[in-house]
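Visitor: sequence unknown, structure follows:
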């Protein structure tokens, strides 16, 4: 199955835990596309850099548009104002990391939390 | 090179720190030009102050006024007095008569419609035909898509899907703007392009709405507002001593 890896920059005045970020994206997908849409996304959090406020998400390539729109539509995390900006999209994790400057590698495998 | 413009920032000009924050954020997100909506009768010193802030962050300021006339006569009156003062004139149409007048008037640059009062969204094929002839653009503010939830957002998306389809069929330029009054609702140009997937605008169409279409409006109006403009197609190319033959 073809996948896409998405690097995301999180902006918030408060520190954002990886579980909270993942939940915010998941909620956004559910709100915009419902459970059927969410089931097609096959979303997983691959990597999270708390210091840099960056995350890498993985999704099905067919659901890329859906996931990108949902990430951008995130306006709050844990009742605090927040925004998520898409930095890069790539077909492999290796090339994404190569193109992403300053990203600390803390690969935890593809966990769906 | 891409020229990204967000033609609709709505800072409260009374609170200069808020305006500054919005402008700074726009620069950080990669915009080249921002359109700031000024109220009627705004003083030149206020515009100059905002221009200075934009200059600090390397942004080009586009002066803009948002008109919300009650009837076509009031729109025409406002256009007569404001056209030479602002680079972009936007009309928020609250009635069908105003929408039709705005769409056929070449002095209007963009038309927009209320994002929550769906009975007042009058962008149909007749409106699009008039707008296409008069080169009036259809503006979509993106911040309501982030701000609204549930039923209201789904209704708005449904209207936007129909309206953008009509606009594209009639070759009406679509302009994507933030319409943001707070920095937390600002997104990168590419992010807006991804978000426009929700109402059926493809990536290239969205990028046109963020780059080419706003630039065309600004360049056209700056030419018209320059002292060398005489009439459509007629410009002063030389004046004074330049006119003497060698």
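Guide: Sure, I can see it. This one's a predicted model, so the numbers in the text were calculated from it and none came from an experiment. Residues are numbered from 1 along each chain as shown, chains lettered A, B, ... in the order given.

Visitor: got a list of contacts for the lowest-mean-pLDDT helix or strand in chain B?
Guide: Every helix and strand of chain B was ranked by mean pLDDT, DSSP states H and E. The lowest is strand B:229-231, at a mean of 84. Outside strand B:229-231, the residues within contact range by Cβ atoms under 8 Å, 6 or more residues apart in numbering or on different chains are B:223, B:235, B:236. Every residue, glycine included, has its C-beta placed from N, CA and C.

Visitor: how close does the nearest residue to residue B:223 once chain neighbours are set aside sit to chain A?
Guide: Spatial nearest neighbour of residue B:223, excluding adjacent residues (Cβ to Cβ, 6 or more residues apart in numbering or on different chains): residue B:229 at 6.1 Å. Going from residue B:229 to chain A by Cβ to the nearest Cβ, to the nearest Å gives 40 Å.

Visitor: next one: residue B:132
Guide: From residue B:132 to chain A the distance is 28 Å (Cβ to the nearest Cβ).

Visitor: which other helices and strands contact the strand ranked longest in chain B?
Guide: If each strand of chain B is counted by residues according to DSSP state E, the longest one is strand B:60-67. In terms of contacts (3 or more Cβ pairs under 8 Å, 6 or more residues apart in numbering or on different chains; DSSP states H and E), strand B:60-67 is packed against strand B:5-9, strand B:33-38, helix B:44-56, helix B:72-82, strand B:88-92.

Visitor: so which of the ones you listed comes closest to chain A?
Guide: strand B:5-9 (14.6 Å; Cβ to the nearest Cβ).

Visitor: Give me the distance between the longest strand of chain B and the centre of its chain.
Guide: Centroid separation for strand B:60-67 versus its chain: 8 Å, with Cα atoms, centre = their mean, to the nearest Å.

Visitor: do stretch B:109-129 as well
Guide: Distance, stretch centre to chain centre, for stretch B:109-129: 14 Å (Cα atoms, centre = their mean).

Visitor: mind listing what residue 24 touches?
Guide: Using chain A. Contact analysis of residue A:24 by Cβ under 8 Å, 6+ apart lists A:74, A:76, A:77, A:78, A:82, A:84.

Visitor: let's do chain B instead
Guide: B:57, B:183.

Visitor: go again using 6 Å as the cut-off
Guide: Applying Cβ atoms under 6 Å, 6 or more residues apart in numbering or on different chains to residue B:24 gives the contacts residue B:57.

Visitor: The helix or strand harbouring it vs strand B:60-67, what angle?
Guide: Here residue B:24 sits within helix B:16-28, counting by DSSP states H and E. Orientation of helix B:16-28 against strand B:60-67 (axes from the mean of the first three to the mean of the last three Cα atoms, to 10 degrees) gives an angle of 120 degrees.

Visitor: Now helix B:16-28: buried residues?
Guide: Within helix B:16-28, the residues that count as buried by 16 or more other Cβ atoms under 10 Å in any protein chain shown are B:19, B:20, B:21, B:22, B:23, B:24, B:25, B:26, B:27.

Visitor: doesn't residue B:91 make contact with residue B:67?
Guide: Yes. Counting by Cβ atoms under 6 Å, residue B:67 touches residue B:91, with 4.9 Å between them.

Visitor: of those two, who's got more company?
Guide: residue B:91 (28 against 19; other Cβ atoms under 10 Å in any protein chain shown).

Visitor: Leaving out chain neighbours, which residue sits closest to that one?
Guide: That would be residue B:102: by Cβ to Cβ, 6+ apart, it lies 4.0 Å from residue B:91.

Visitor: what's the pLDDT at the one you found?
Guide: At residue B:102, the model reports a pLDDT of 95.

Visitor: Same check on the one 10 residues further on?
Guide: For residue B:112, the pLDDT comes out at 95.

Visitor: avg pLDDT for the strand or helix carrying residue B:155?
Guide: Counting by DSSP H and E, the element that carries residue B:155 is helix B:150-169. Mean per-residue pLDDT for helix B:150-169: 94.

Visitor: that's a helix at residue A:36, yeah?
Guide: Yes. If the criterion is DSSP: H, G, I helix; E, B strand; the rest coil, then residue A:36 is within a helix.

Visitor: Tally up the residues packed near it, please.
Guide: When neighbours are defined as other Cβ under 10 Å, residue A:36 has 7 of them.
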